[in-house]
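**Student:** Okay, sequence plus prediction incoming.
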Amino acid sequence: MVNCKFSTRQALRQKPKGKVRSGCIMALTFSLSVVTGIGFHLAGRGSNHEAWHNWAVSHIVSTLLWLIVVVLHTKRYRKMFMSLAKRRAYKKFFPTLVASTLFIITTITGIVLLLFIDGANSSIGLWHWECSIALAVLTLVHAFSIKK
């Protein structure tokens with residue numbers, strides 16, 4: 001797990017290492033994506049279209065930021081995952097593999113919703129919501145299961 005402790009003066013004076021910085025950015029963008037996704041979902045149940053629109057825009061922006069950070073994260077650890085796959089050590093990266101699959105499904109359904117679906121209560125939207133909840137849980141499992 002990445003230590004995002006920047007509260008003391010000493011920690012603020014020290015330049016964080018690359019992994020700490022990218023881990024904190026990943027945690028921040030993940031949190032924003034989850035919070036705005038839940039807010040977007042809850043705003044869709046109300047009658048205030050402006051609130052729904054604001055949540056939608058903030059969810060799209062935060063999720064695009066998270067997508068960029070995840071792509072960089074995947075690029076950084078690609079060789080490690082490939083070596084585990086070659087050794088057939090599936091138990092070590094099975095939760096990561098499932099989370100990656102859910103991430104791809106959630107990303108594709110989000111893009112389809114953004115570009116092609118007009119209106120609320122679509123089956124793809126429901127699938128996106130359910131996959132997102134599972135992805136959030138598995139992302140937390142992945143983040144907290146990393147050994148230092």
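**Tutor:** Arrived safely. No experiment lies behind these values; they were computed from the predicted model shown.
**Student:** Identify the residues contacting the residue nearest to the spatial centre of the chain.
**Tutor:** For the chain, the residue lying nearest the average C-alpha position, counting by C-alpha atoms, centre = their mean, turns out to be Phe30 (4.3 Å). Phe30 makes contact with 66, 136, 139, 143, according to C-beta atoms under 8 Å, 6 or more residues apart in numbering. Backbone N, C-alpha and C define where each C-beta goes, glycine included.
**Student:** From the residues you listed, keep the buried residues only.
**Tutor:** Restricting the contacts of Phe30 to buried positions leaves 66, 136, 139, with burial counted as 16 or more other C-beta atoms under 10 Å.
**Student:** List the ones among those residues that fall in helices.
**Tutor:** When DSSP state H is applied, the buried ones among the contacts of Phe30 are split such that 66, 136, 139 fall in helices.
**Student:** Name the nearest of the residues you listed relative to Ser47.
**Tutor:** Each of these was scored against Ser47 by C-beta to C-beta, and Ala136 proved nearest at 27.0 Å.
**Student:** Let me know whether the closest one touches Ile38 as I believe.
**Tutor:** No - the pair formed by Ala136 and Ile38 falls short of the contact definition of C-beta atoms under 8 Å, at 9.2 Å.
**Student:** immediately after the lowest-mean-pLDDT helix or strand in the chain, which helix or strand?
**Tutor:** When each helix and strand of the chain is scored by mean pLDDT, DSSP states H and E, helix 9-13 comes last, with a mean of 42. With elements assigned by DSSP states H and E, the helix or strand that comes after helix 9-13 is helix 18-43.
**Student:** Let's test this: mean pLDDT of that following helix, rounded?
**Tutor:** The average pLDDT for helix 18-43 rounds to 83.
**Student:** how far is it from where the chain is centred?
**Tutor:** Using C-alpha atoms, centre = their mean, to the nearest Å, we find the averaged C-alpha position of helix 18-43 to lie 6 Å away from the chain's own average C-alpha position.
**Student:** Perfect, that will be all.
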